[in-house]
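# Following is a predicted model, sequence given first.
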There are 2 protein chains.
Amino acid sequence: MQYPEPIAKLIDGYMKLPGIGEKTAVRLAFYTISMDTDDVNEFSQALVAAKKNLHYCSICGNITESDPCVICADKGRDRTKVIVVEQSKDVMSLEKMREYHGLYHVLHGVLSPMEGRGPEDINIASLVKRLQKNPDLTEVIIATNATPEGEATAMYISRLIKPANIKVTRLAHGLAVGSDIEYADEMTLYKAIEGRQEI
Amino acid sequence: MQYPEPIAKLIDGYMKLPGIGEKTAVRLAFYTISMDTDDVNEFSQALVAAKKNLHYCSICGNITESDPCVICADKGRDRTKVIVVEQSKDVMSLEKMREYHGLYHVLHGVLSPMEGRGPEDINIASLVKRLQKNPDLTEVIIATNATPEGEATAMYISRLIKPANIKVTRLAHGLAVGSDIEYADEMTLYKAIEGRQEI
């Protein structure tokens, strides 16, 4: 016996999402049928609306409704610094901190020779152009993830823009606040010792 | 900084699904924006279509496009047996086995005094009516889950319908095929020994 067609299609839809396999998709699809009709309609509309109404900012590459995005358009922000991140959601994480008032640049990925992703496949060229156009921009803070690909991307960008006399920094690595040394991995401990500071 | 409204709405939509918290919802929402427009539109339509076109079979309570469902309407099926399950997806699991050709009855839940769910909140009354109307139905196979609530529901149904001279059986508990005794929990081992059979 096959699933009735409407539910089979819905299972297919859920399975296109990352980290959702067949079993989870079946569970979500059956749950959807038991949901409130209004909730389902709203969710359905939100999917199309998000895809339709959101674009990438032509300056920084962040996801936005307007172009340029609210951060790039905000004249109150510190235009001497730009944080380079892998994904739009990293911008949100950094903004939640409420301590940084500079600009951002979203790469939409990292260099990954294993997956055949080179500098032309991520948003690097526009960063270089941005730096050339804005002489006020004097510091690039690289905040790619602490993965081998993130580190390699940081090194690549650093080598590319340092000759232009721009200060390039990298977020500090070390122990997470509130974490136990006992549970920290070796690489993190090594970075924490290497980056130790006088108190 | 808040998320742009279209993505905030989409995150809300994902968060209404079971087992999806805020972090996962954010990840899925951002992924959705990077998806193919056609895939997003199809998924969006599948949600509404599944909710709109699927109903519960008026006989067995299974999810169906037509009423009665294909199983209840199929004259080739053995009308002397009915398997009682908790959820529609359990029907699908049993049908995949291709060994059972009787009927089904979907309870849509189990008795749970802890959650205030009594016999009138699940699809039990219609099972009793069904048995009264169809004297051919002589065996009820209870296939609720092997949880305390599933067991209690099985006992309740058994006591309710046994006086009407209907054979009531329960799926066997024991070791899963291919599993190691080493990793089986005590309850399963106990049930496996209790239900041992001569070979």
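On my side now, so go ahead. This structure is a prediction, so every number in the text was calculated from the model and none was measured. Numbers count the residues shown, from 1 in each chain, chains lettered A, B, ... in the order given.
# Nearest residue to the middle of chain A?
Geometric centre of chain A, nearest residue: A:Gln87, 1.5 Å, by CA atoms, centre = their mean.
# which residues does that residue contact?
Taking CB atoms under 8 Å, 6 or more residues apart in numbering or on different chains as the contact definition, A:Gln87 lies against A:Val106, A:His108, B:Phe30. Where you see a C-beta, it was placed from the backbone N, CA and C, and this is true even at glycine.
# are any of these buried, and which?
A:Val106, A:His108, B:Phe30 (16 or more other CB atoms under 10 Å in any protein chain shown).
# Give me the nearest residue to A:Ile63, chain neighbours excluded.
A:Ser88 (4.2 Å; CB to CB, 6 or more residues apart in numbering or on different chains).
# In the worst-scoring helix or strand of chain A on mean pLDDT, which residues are buried?
Every helix and strand of chain A was ranked by mean pLDDT, DSSP states H and E. The lowest is helix A:186-194, at a mean of 80. Within helix A:186-194, the residues that qualify as buried by neighbour count (16+ other CB under 10 Å) are A:Thr188, A:Lys191, A:Ala192.
# wait, the last one sits on A:Val177?
Right, the one you point to is A:Ala192. No - with contact defined as CB atoms under 8 Å, A:Ala192 does not reach A:Val177; the gap is 11.8 Å.
# Burial check on A:Ser66, number of neighbours?
Here the number of neighbours of A:Ser66 (other CB atoms under 10 Å in any protein chain shown) works out to 11.
# Grab the nearest non-local neighbour of it.
Of all residues not flanking A:Ser66 in the chain, A:Ala73 sits nearest, at 7.2 Å (CB to CB, 6+ apart).
# So which residues of chain A form helices?
Ranges of helices within chain A are A:5-15, A:22-34, A:37-53, A:70-73, A:88-96, A:125-133, A:148-161, A:186-194, based on DSSP state H.
# Which neighbouring elements make contact with the third one?
Using 3 or more CB pairs under 8 Å, 6 or more residues apart in numbering or on different chains; DSSP states H and E as the contact criterion, the neighbours of helix A:37-53 among helices and strands are helix B:5-15, helix B:22-34, helix B:37-53.
# Show me chain A divided up by domain.
A:5-53, A:74-198 (automatic domain parsing).
# Where among those is average confidence lowest?
Sorting the domains of chain A by mean pLDDT places domain A:74-198 lowest, at a mean of 88.
# Can you check the distance spanned by that one, start to finish?
End-to-end distance for domain A:74-198: 37 Å, by CA to CA, to the nearest Å.
# And it, how far out from the chain middle?
Centroid separation between domain A:74-198 and its chain, computed with CA atoms, centre = their mean, to the nearest Å, is 11 Å.
# With adjacent residues omitted, what lies nearest to A:Gln132?
Leaving aside its chain neighbours, A:Gln132 sits nearest to A:Ala164 (7.8 Å; criterion: CB to CB, 6+ apart).
# Hmm, the one you found is touching A:Leu131, no?
Yes - counting by CB under 8 Å, A:Leu131 is a contact partner of A:Ala164 at 6.5 Å.
# So if I had to pick from the two, which one is more boxed in?
In this view A:Ala164 and A:Leu131 are compared by other CB under 10 Å, and A:Leu131 has more residues nearby, 18 against 11.
# Just give the nearest non-adjacent residue to the more buried one, would you?
Here the residue nearest A:Leu131, using CB to CB, 6+ apart, is A:Leu137, at 5.5 Å.
# Same question for A:Phe30.
That would be B:Lys89: by CB to CB, 6+ apart, it lies 5.2 Å from A:Phe30.
# residue contacts, the one you found?
Contacts of B:Lys89 (CB under 8 Å, 6+ apart): A:Val26, A:Arg27, A:Phe30.
# what do you get for A:Ile63?
A:Leu54, A:His55, A:Tyr56, A:Cys57, A:Cys69, A:Ser88, A:Val106, B:Pro4, B:Ile7, B:Phe30, B:Ile33.
# what do you get if the cut-off is 10 Å, keeping everything else the same?
Each residue near A:Ile63 by CB atoms under 10 Å, 6 or more residues apart in numbering or on different chains is listed here: A:50, A:54-57, A:69, A:87-89, A:91-92, A:106, A:108, B:3-4, B:6-7, B:29-30, B:33-34.
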